[in-house]
Structure formats: C-alpha cells, structure tokens
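[1] Generate coordinates for the sequence data below:
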Amino acid sequence: MKRQKRAVLPFLAAALMLLALPAAAADKVLDTFEEYETDLDLSIYWSAYIDQWNEGRVSLGAGEGEGGGKGVVFHYDFRNKGAGILRGAYEDMSTTGDGISFWARSDTALVVDLDLAYDNNAYHYSKKLAFGPEGKVYTIPFADLSLTYGVGENNPQYLSHIMFTVKRDDNAAAPQQGSFVVDNVKYVNVQEPTTTAPTTSVPPPATEPPTPDTEPPAPATEPSAEETTAPIGGESTQGSGGTLPSDGSTTPAAGSTEPSAPAGTGNGWVLPVVITAVAVVLAGGGTGVYFYIRRKKAGKP
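    As a prediction, this is how the structure comes out:
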C-alpha cells in the first residue's frame, strides 16, 4: 500500500501543476459547414445580399472547402450589377476574442472587402483582402479594421453579421463572372496575453557630498550714518521706536510703561555703602581684640 501511494503522488503533483497553469482562451467557431446537407440548410445562416446594386448566388460547395471539406461558395456576375455581397448571420455573433479567422480561395485574383456589421447594420468596420487560387487562412485583428459606414464603436459584442463584398472591376480584361469559397469561420484571440516580468529596484548611484563653502562670509552691511550717529547725551535720534544708547544698552520704546531712571542717578551710592560696611567690620573686630587682651592680662581664661 505504501508503494502504491508513493506511485500516485507524482501524478497528483502533475495534475495540480496543470490546474495551476492559466487556461488558454478557446476560439469561438461560427461555422465549419460540415453539418449542412443542402443549399437550403446553408441558407439559414448564409445568403446573398441582393438589391438594385448587388447580385449573387450562394451554394454549398462539397469538397471545395479547406482540406477538401465543405464550404460556402459565392457566385458573382457583374454583367448586370456592379457588386455582390455574401452575408453570414448567427443567433449569437458576440465574442470576447480580439480577431476573426477564416479560410478562403477564389477562382482568380480578387479584391474582397471584409465587412463586420454592427448594431443591425448601423455601421461597418472593414478591411480589404486579396483572395487567390491558392487557398489560405486569413486572421484579422479587430483593431486592424477601419470604420467605413455609419458612426459606431468597434466592439465585438455588438456584431450582427459578417459580409464579404466584391465589386466590378472597370478593367475590360477583368473577369465579370466568378466565385470564391469561405470555410472555417471563427473568432480567435490574435494577441497572446503577455506576462509582465518582475522588476527589480536599482538603488540610485551614490552622490558626492556637497563641497563645503570655503569662502568667508560676506561682511555685514555697514549701518547707515542715520542709524549709528547718536547725540552726546547717549540717545539715538532714530524714530519713535526703541532707541539705542551710545553705551550699547537698550531703552524701552516710546509709550512703554516702565519708569525711567531719574537724571543724575547711577552707581555712585555703591562706594559709600562699601566704606561704611568695612568701617563697621573693622570696629567690631578691634573691640573684640581689646577685650580678649584684657582678659588674658587679668588671668581669666
């Protein structure tokens, strides 16, 4: 039992890896023409657009499609009308793909307009193609189509039908009758989803430290004569604001409530006070010495 469990583990791991892979978007096949038996069956989805300017005929071509399978054949005749249109319409024309793909071949070199009609033929997005005797697969991104009729938006969700249009060549040598075959019509994802590679952050290159400014600072602006000139009394003559005395101290601005010192007062009172204090100390010290000496003489301790 242990060996069987070990043998199963690699298969489980492989299955989990497959489930982890992103699922590729599947193509939406519109028609392979293999299920039709008669022209009447084909006419449910494919027909010739006929009016006073267009003419043509549609048939089921057994063995004329890609790889010898079935395909839709459009027969045009420009002897009476100037253009022919093969038109295909389905119940659900919308798609989440970004392009259309089909196989085609014509009797002779032929210019064919691929027209995608939107919103009940209100506007067309088209592209000119070259068909030839050698059948090939055509893959056209919706982004390559150009608006040729009406006003609308190139949005595959609004598709109503697909048209292949041929027009008469005025060149007399060009054939006025012929046919072309279309097979394997489907919507595809033309552009594969791209994965963004992880980006690594690169540290910015080291920058040199700024060079210190070795130049000496600019000298201070010399004060004007009006600012530095002061009268002999010590007060500046500048304005009504704060004044700058000549000794460097500041005085309160005009209008200040602080009382100013009375004229004539200053630090002259300090000296008499100091002298008086020294005299008192000396007198006290002398008196103490006098009484000490008398006590010594009297023999008192």
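[2] And Ala26, how far from Asp119?
    Distance of Ala26 to Asp119, given as CB to CB, to the nearest Å: 26 Å. Backbone N, C-alpha and C define where each C-beta goes, glycine included.
[3] ditto for Arg57
    With distances taken as CB to CB, Arg57 is found 28 Å from Asp119.
[4] cool, and Gly63?
    From Gly63 over to Asp119 (counting by CB to CB), the distance is 37 Å.
[5] Between those two, tell me which one has more neighbours.
    Taking other CB atoms under 10 Å, Gly63 and Asp119 do not tie; Asp119 has more neighbours (13 against 9).
[6] show me the contacts for the more buried one.
    Counting by CB atoms under 8 Å, 6 or more residues apart in numbering, Asp119 makes contact with Gly152, Tyr158, Ser160.
[7] Export these to TSV and append columns for neighbour count, pLDDT and distance to Asp77.
    Below are the contacts of Asp119 laid out as TSV (neighbours: other CB atoms under 10 Å; pLDDT from 0 to 100; distance: CB to CB, whole Å):
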residue	neighbour count	pLDDT	distance to Asp77
Gly152	15	92	32
Tyr158	17	91	33
Ser160	15	93	27
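[8] Which single one of those is nearest to Gly135?
    Among the contacts of Asp119, Ser160 lies closest to Gly135 (CB to CB), at 27.4 Å.
[9] dump the residue contacts of the closest one.
    Shown in contact with Ser160 (CB under 8 Å, 6+ apart): Ala89, Met93, Ala117, Tyr118, Asp119, Asn120, Asn121.
[10] Which among those count as buried?
    When neighbours are counted using 16 or more other CB atoms under 10 Å, these contain these buried positions: Ala89, Met93, Ala117, Tyr118.
[11] Beta-bridge partners for Val181, please?
    Counting by DSSP bridges, Val181 is bridged to Val73, Arg105.
[12] pLDDT wise, what is it at?
    On pLDDT, Val181 comes in at 98.
[13] Also the one 3 residues further on?
    The predicted structure scores Asn184 at 97 on the pLDDT scale.
[14] Low-confidence ranges, the stretch 51-200 of the chain, go.
    Across the stretch 51-200 of the chain, the ranges flagged by pLDDT under 70 are 171-174, 192-200.
[15] Confirm that Val151 sits in a helix.
    No. Using DSSP: H, G, I helix; E, B strand; the rest coil, the assignment for Val151 is coil, not a helix.
[16] how far away is the nearest residue to it once chain neighbours are set aside from Val185?
    Spatial nearest neighbour of Val151, chain neighbours left out: Tyr123 (5.9 Å); criterion: CB to CB, 6 or more residues apart in numbering. Counting by CB to CB, the separation of Tyr123 from Val185 is 21 Å.
[17] again with Tyr138
    Applying CB to CB, the value for Tyr138 to Val185 is 10 Å.
[18] in this protein, which spans are helices?
    Along the chain, counting by DSSP state H, helices occupy 2-20, 39-42, 225-228, 270-297.
[19] average pLDDT for the last one?
    Meaning helix 270-297. On average, helix 270-297 scores 63.
[20] what residues are up against the nearest residue to Thr32 once chain neighbours are set aside?
    Spatial nearest neighbour of Thr32, chain neighbours left out: Asn184 (5.7 Å); criterion: CB to CB, 6+ apart. Listed by CB under 8 Å, 6+ apart, the contact set of Asn184 reads Val29, Asp31, Thr32, Gly65, Glu66, Ser101, Phe102, Trp103, Val137.
[21] Return the residues in contact with the third one.
    So that's Thr32. Counted by CB under 8 Å, 6+ apart, Thr32 has contacts Gly69, Lys70, Asp183, Asn184.
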